[in-house]
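[1] 3D model of this:
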Amino acid sequence: MHLNQLYGNFGRKQELIETINVYNKDLAKYVSTRIIKSIIEINSEISTLLIINNINPDIISEINSNLEINLKNTFHNSVKSNVAIAAAVTAYARIRMIQFKLNDNVFYTDTDSIDVDQEFDPKFIGKEFGKMKLEHTFDDAVFLSPKMYGDITKDYEYVRIKGLKNAIDFKELKILIKKSIN
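    The predicted structure follows:
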């Protein structure tokens, strides 16, 4: 459906995550002046910080005033989002995809893709607006939940677990579904 770009652009959070590596001896300086999402210790000398940026300056100012601290914040007004447009794009995609979900052979749909176990009518595939992109035809697949699935073809295997990259391979994912059945 080629709506993911539109949804992604308007549905994104205005807050940005900055990733930096710092010496552990300097951690106190960052923790006392930044909003830290997480600290990942790399070794005894270095840690990686995930710092939340682009927070509304008025909120930072109020926090600094009330707590008498000096939090720093990098604010970029260039991040545009609009929840109403993102919701409309998602709703439109769901309306368009319902015609395919009525088929028993549909395993998964997203705003611009569909996974089925049979040939798909080519009139729905293309680069034009409103059409879907044919990624591949898989030999085996596992769908545990939205954004948590994997498939395999003769050429490659693909596992997607939202928020994790290359977390497990297809065989490990398939074991999870077998365990949930027992």
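[2] C-alpha from now on. contacts and neighbour counts both.
    Will do.
[3] how near is the residue lying farthest from the centre of the chain to Leu173?
    Most distant residue from the mean C-alpha position of the chain: Glu68, 35.7 Å away (CA atoms, centre = their mean). Using CA to CA, to the nearest Å, we find Glu68 at a distance of 49 Å from Leu173.
[4] now swap in Tyr156 and tell me
    15 Å.
[5] what of Asp151?
    Asp151 is 10 Å from Leu173, by CA to CA.
[6] shared neighbours of those two, anything?
    By CA atoms under 8 Å, 6 or more residues apart in numbering, Asp151 and Leu173 have these common neighbours: 142, 159.
[7] chain center to stretch 23-37, what's the gap?
    In terms of CA atoms, centre = their mean, to the nearest Å, the centre of stretch 23-37 is found 27 Å from the chain centre.
[8] same thing with stretch 155-172?
    14 Å.
[9] more neighbours: which of Tyr156 and Leu173?
    Each of Tyr156 and Leu173 has its neighbours counted (other CA atoms under 10 Å); Leu173 has more, 22 against 8.
[10] ok, longest helix in this protein?
    With secondary structure taken from DSSP state H, the chain has its longest helix at helix 83-101.
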